[in-house]
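> Can you look at this prediction? I've put the sequence above it.
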Amino acid sequence: KAGVTQTPRYLIKTRGQQVTLSCSPISGHRSVSWYQQTPGQGLQFLFEYFSETQRNKGNFPGRFSGRQFSNSRSEMNVSTLELGDSALYLCASSLNRDTVPYEQYFGPGTRLTVT
Amino acid sequence: AQTVTQSQPEMSVQEAETVTLSCTYDTSESDYYLFWYKQPPSRQMILVIRQEAYKQQNATENRFSVNFQKAAKSFSLKISDSQLGDAAMYFCAYRALYGGATNKLIFGTGTLLAVQP
């Protein structure tokens, strides 16, 4: 079974632009969560989608948004990019959210650089 | 709010030796899950081991085992017979079982493990 895939793997954007990142979960997984990883703040939860609905949101500004499609694929969007948005963005999928198993499996990440 | 603390930013171990990585957490919940993830230089986060809080028995996965002390809120990872491929950043993570934040993982700051040949 294929793992979690994320595209693109690397992105360079300019301040003020917007960006869309994509995540395809493991086949059959219905929950997709997004995390931001930076050297200063570590791993921080952005949001979670389950059955096309946002179920949970971390403490990030409204410039960060996401959505999930009927096939469980998810996208996250960052508008009006700032230098501080440079980070590794990780997507994780899990089979369920309220019943076992609870494990989340991560994709390789998208490295976003804002100049 | 739940927090996870990893007090060892870096650790080093000789190949074939045993090393223990520490993790403490804070929560008022009685049921939850704890995980150890490994992130090698390639950056793909890999699940190493999980522990259900209601289980007293410590989880084991091949060379990896945990020492789960619920009362002390401690969750350490022991790697036996260390191999060069074990070199990576290791993250401890907490997952609540109930409430609206169930699928949110709270991570520690990580421990960078070096394995010396």
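On my side now, so go ahead. Residues are numbered from 1 along each chain as shown, chains lettered A, B, ... in the order given.

> Point out where the chain drops to low pLDDT.
No chain was given, so I picked chain A. Chain A contains residues with pLDDT under 70 at A:100-101.

> um, chain B though
Using pLDDT under 70, chain B drops low at B:99-101.

> where do the strands sit along chain B?
Under the criterion DSSP state E, strands of chain B are mapped to B:3-5, B:10-14, B:19-21, B:24-26, B:32-39, B:46-52, B:60-61, B:64-69, B:74-79, B:88-96, B:105-107, B:111-116.

> Tell me which residues touch B:Thr102, please.
Contact partners of B:Thr102, counting by Cβ atoms under 8 Å, 6 or more residues apart in numbering or on different chains, are A:56, A:97-98, B:95-96. Quick note: C-beta positions are derived from backbone N, CA and C, even for glycine.

> Any of these buried? List them.
By neighbour count, with 16 or more other Cβ atoms under 10 Å in any protein chain shown, the contacts of B:Thr102 hold A:56, A:97, B:95-96 as buried.

> Just the CA trace of stretch A:94-110, in PDB.
What follows is stretch A:94-110, C-alpha atoms only, in PDB (Å, rounded to 0.1, in the frame of the first residue of the first chain):
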ATOM      1  CA  SER A  94      -4.800   8.100  10.000                       C
ATOM      2  CA  LEU A  95      -7.600   5.500   9.400                       C
ATOM      3  CA  ASN A  96     -10.000   7.000  12.000                       C
ATOM      4  CA  ARG A  97     -10.100   9.700  14.600                       C
ATOM      5  CA  ASP A  98     -12.400   8.400  17.300                       C
ATOM      6  CA  THR A  99     -11.700   4.700  17.200                       C
ATOM      7  CA  VAL A 100      -8.600   2.500  17.100                       C
ATOM      8  CA  PRO A 101      -6.100   2.500  15.400                       C
ATOM      9  CA  TYR A 102      -4.900   6.000  16.300                       C
ATOM     10  CA  GLU A 103      -1.600   6.000  14.600                       C
ATOM     11  CA  GLN A 104      -0.800   8.800  12.200                       C
ATOM     12  CA  TYR A 105       1.500   8.200   9.300                       C
ATOM     13  CA  PHE A 106       3.500  11.100   7.900                       C
ATOM     14  CA  GLY A 107       4.400  12.100   4.400                       C
ATOM     15  CA  PRO A 108       7.900  13.300   3.300                       C
ATOM     16  CA  GLY A 109       6.900  16.900   3.700                       C
ATOM     17  CA  THR A 110       7.000  20.000   1.600                       C
END
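
> Go through the buried ones among the contacts of B:Thr102 and name the one nearest B:Ser65.
The nearest member of the buried ones among the contacts of B:Thr102 to B:Ser65, counting by Cβ to Cβ, is B:Arg95 at 19.6 Å.

> Is the closest one bridged to anything, and to what?
Beta bridges link B:Arg95 to B:Tyr33, B:Leu105 when assigned by DSSP bridges.

> residues contacting it?
By Cβ under 8 Å, 6+ apart, the contact list for B:Arg95 reads A:102, B:32-35, B:102-106.

> tell me which of those is nearest to B:Gln69?
Using Cβ to Cβ, those come closest to B:Gln69 at B:Leu34, 11.1 Å.

> Right, I'll leave it there.
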